[in-house]
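Novice: can you look at this prediction? I've put the sequence above it.
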Amino acid sequence: CVMAVWLGSCLTWWLQGKRKLAGLVIALGLLSLGLVASQGWLAGFLNPEGRLQVWRTAWQFWQQHPLNAWLGYGAGSVGILTARGVWNYGFLHNDWLQWGFEFGLIGAGLLVLALLVLLRRVMETPISASLAAWIGAASVYGLIACFNFPLHIGATLMLGVVIWAAL
């Protein structure tokens, strides 16, 4: 969450023309990230028994049933599989993977199409302070979605913080 907010804030400042501030914050963030990595604090984040195992299991399950790879297992199927004891994860710790798992390649394709239409609209619009804030918030959401399930309240509140700070 913190890295996503950091990158989203830098993107917002960059789009608002505050390039020196964005560059300084990027440099400080990279130094901090180097410190965290050198201390081994990130080892637990992607450990073989954690997120990587969740993702690997979901991919294997998805690949074993080719028709469901296209159609998906249905909305909420990850929770249902948890309740039935197939696995013990309530969600897949990756919203994009969960979307593909639940709605298949067809649903994922529709999501990508919707995002491309939205991106086209954004690119046609002159960048204002509020649009820059929304772009920053969307990038935070997208990054958080790679490693978590962003509909959790903490992540949603962080998006509000980014928008509020940018405005």
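Specialist: Received the coordinates, thanks.
Novice: check which helices and strands the lengthiest helix in the chain sits against.
Specialist: Identified as the longest helix of the chain according to DSSP state H is helix 95-124. If you count contacts as 3 or more C-beta pairs under 8 Å, 6 or more residues apart in numbering; DSSP states H and E, helix 95-124 packs onto helix 51-64, helix 66-71, helix 77-83, helix 129-147. Where you see a C-beta, it was placed from the backbone N, CA and C, and this is true even at glycine.
Novice: spatially central residue for this structure, please.
Specialist: Centroid-nearest residue in the chain: residue 145, 2.0 Å away (criterion: C-alpha atoms, centre = their mean).
Novice: ok, and what's touching stretch 23-30?
Specialist: Residues from elsewhere that reach stretch 23-30, judged by C-beta atoms under 8 Å, 6 or more residues apart in numbering: 3, 6-7, 9-10, 13.
Novice: if we can go back for a sec, any idea which of the helices and strands packed on helix 95-124 gets closest to residue 98?
Specialist: Of all the helices and strands packed on helix 95-124, helix 77-83 sits nearest to residue 98, with 6.0 Å by C-beta to C-beta.
Novice: output the closest one in CSV with nothing but the alpha carbons.
Specialist: The C-alpha trace of helix 77-83 is given here as CSV (Å, rounded to 0.1, in the frame of the first residue of the first chain):
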residue,chain,number,x,y,z
SER,A,77,-16.2,-18.4,-6.5
VAL,A,78,-12.9,-17.9,-4.6
GLY,A,79,-14.8,-17.5,-1.3
ILE,A,80,-17.0,-20.5,-2.1
LEU,A,81,-13.9,-22.6,-2.8
THR,A,82,-12.6,-21.5,0.6
ALA,A,83,-15.8,-22.4,2.3
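Novice: next, the buried residues of that helix.
Specialist: By 16 or more other C-beta atoms under 10 Å, the buried positions in helix 77-83 come out as 77-78, 81.
Novice: report the separation between residue 30 and residue 50.
Specialist: 24 Å (C-beta to C-beta, to the nearest Å).
Novice: who's in contact with the nearest residue to residue 111 once chain neighbours are set aside?
Specialist: In space, and not counting its chain neighbours, residue 111 is closest to residue 99: 6.0 Å by C-beta to C-beta, 6 or more residues apart in numbering. Contacts for residue 99 (C-beta under 8 Å, 6+ apart) come out as 107-108, 111.
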